[in-house]
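Colleague: coords please:
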Amino acid sequence: MELSASSENTFGESSASPTVSVVIPALNEERNLPHVFAALPAGVTEVILVDGGSVDRTVAVALELRPDVVVVQQTRKGKGNALACGFAACTGDIIVMIDADGSTDPAEIPLFVKQLVEGADFVKGSRFSNGGHSHDITQLRKLGNDGLNLVVNVLFGTKFTDLCYGYNAFWRSVVPALDLPDTRLPQPGDGSKLWGDGFEIETMINIRAAADGMKVGEVGSIEHARIHGESNLNTFRDGFRVLRTIFSEYGRMRRHHRTGVRRPDGVIVHQRTTAESRGYGQMENRPAITRTQITRTVPRPPPR
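Modeller: Okay, here's the model as predicted:
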């Protein structure tokens, strides 16, 4: 599988053309944004920058690089809250979530869009299959990721190869199924995070997509080392939080009486139950697909 977009960094004439929103959570990433924005495919229709209270020029740089960027201030702390705020602001048919530190390659976005157009509900990146690779993960984190993958695949009947990677894309119509914490809820007075507001969000989203009846595919992805700055990820603290998330989501699935089915082609499929009754993820609710190339929208003027 090819792991980069075409040489013109577009979706190509042969790709279908839903509109695409890219959500980028950012906290003090002014030095990384020029690299990330420059790598965005020309077919991206909307960029949502979710600012976590940056004290540098993150927002100003984003507006300089792309005047039509939509800047959203997250309502609480944590990556989970940032993503939930970003999803709520999206208007595109497809939502893609990438990182602001340069670790996820925006040039791979057409690969995710292609799988969605071909019938997937949710597509996740994998550093460990289909030619994927990581230039950043340590042996300890890789061991932990493998263990967490095994637990999820046994409990949920899935075939995830990279549970904790945060490069995902999905139809905007399935966002209600992810049931993320309400962005209007206040930050706890003790400074702690609401459940789902932290790094566990990526595991939660991946599991809920599979457990809630969606057709989930994987795309091989190259993870790069952060360009500038330091990660906020803590191997042990966040690893235990992910493990707690897995068992919490297993209980949630059992309460909803959902059962998974395996397919030999490696695609993760679960039987639709309440998902269909709520109406999301069905082909009739998806945007009309044409065969023309995606084009960038006319830039909005910067805020005054």
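
Colleague: Checking my notes, F87 in a helix, right?
Modeller: Yes: per DSSP: H, G, I helix; E, B strand; the rest coil, F87 lies within a helix segment.

Colleague: who's in contact with it?
Modeller: 23, 95, 172, 175, 178, 180 (CB atoms under 8 Å, 6 or more residues apart in numbering). Heads up, the C-betas are built off the backbone N, CA and C, glycines and all.

Colleague: how close does T158 get to A84?
Modeller: 23 Å (CB to CB, to the nearest Å).

Colleague: Ok, D182 next?
Modeller: D182 is 8 Å from A84, by CB to CB.

Colleague: who's more crowded, the two?
Modeller: More crowded of D182 and A84, by other CB atoms under 10 Å: A84, with 24 against 12.

Colleague: now the more buried one, nearest residue through space, not along the chain?
Modeller: Closest residue to A84 apart from its sequence neighbours, by CB to CB, 6 or more residues apart in numbering: L180 at 4.3 Å.

Colleague: tell me the secondary structure for the one you found?
Modeller: Per three-state DSSP, L180 ends up coil.

Colleague: ok, and what's touching whichever helix or strand S248 is part of?
Modeller: Assigned by DSSP states H and E, S248 belongs to helix 235-255. Applying CB under 8 Å, 6+ apart, the contact partners of helix 235-255 are 138, 140-141, 144, 148, 151-152, 155-156, 163-164, 195, 198-200, 203-204, 207-208, 211.

Colleague: Let's test this: mean pLDDT of it, rounded?
Modeller: Confidence over helix 235-255 (mean pLDDT, whole number) is 82.

Colleague: Over to stretch 184-195?
Modeller: 91.

Colleague: please begin residue numbering at 26 from this point
Modeller: Done: numbering now begins at 26, and the last item shifts to stretch 209-220.

Colleague: Show me the shaky parts of the stretch 176-325 of the chain.
Modeller: Residue ranges of the stretch 176-325 of the chain with pLDDT under 70: 253-261, 263-264, 282-325.

Colleague: Okay, helices next: where are they in it?
Modeller: Along the stretch 176-325 of the chain, counting by DSSP state H, counting those that start in this stretch, helices occupy 200-203, 226-236, 260-280, 299-303.

Colleague: Using a markdown table, lay out these together with mean neighbour count and distance to T100.
Modeller: Formatted as a markdown table, those follow (neighbours: other CB atoms under 10 Å; distance: least, CB to CB, whole Å):
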| stretch | mean neighbour count | distance to T100 |
| --- | --- | --- |
| helix 200-203 | 19 | 16 |
| helix 226-236 | 25 | 14 |
| helix 260-280 | 15 | 20 |
| helix 299-303 | 14 | 25 |
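
Colleague: Please render those helices as CSV that adds distance to L52 to the earlier fields.
Modeller: Converted to CSV, the helices of the stretch 176-325 of the chain look like this (distance: least, CB to CB, whole Å):
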stretch, distance to L52
helix 200-203, 22
helix 226-236, 15
helix 260-280, 16
helix 299-303, 33
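
Colleague: Compare those and give me the one nearest S151.
Modeller: Proximity to S151 (CB to CB) singles out helix 226-236 among the helices of the stretch 176-325 of the chain, at 10.7 Å.

Colleague: Which elements pack onto that closest one?
Modeller: Here helix 226-236 touches helix 104-114, strand 147-151, helix 164-181, strand 193-196, helix 200-203, strand 240-245, helix 260-280, strand 293-295, going by 3 or more CB pairs under 8 Å, 6 or more residues apart in numbering; DSSP states H and E.

Colleague: The third one vs helix 260-280, what angle?
Modeller: Helix 164-181 and helix 260-280 are oriented at 10 degrees to each other (axes from the mean of the first three to the mean of the last three CA atoms, to 10 degrees).
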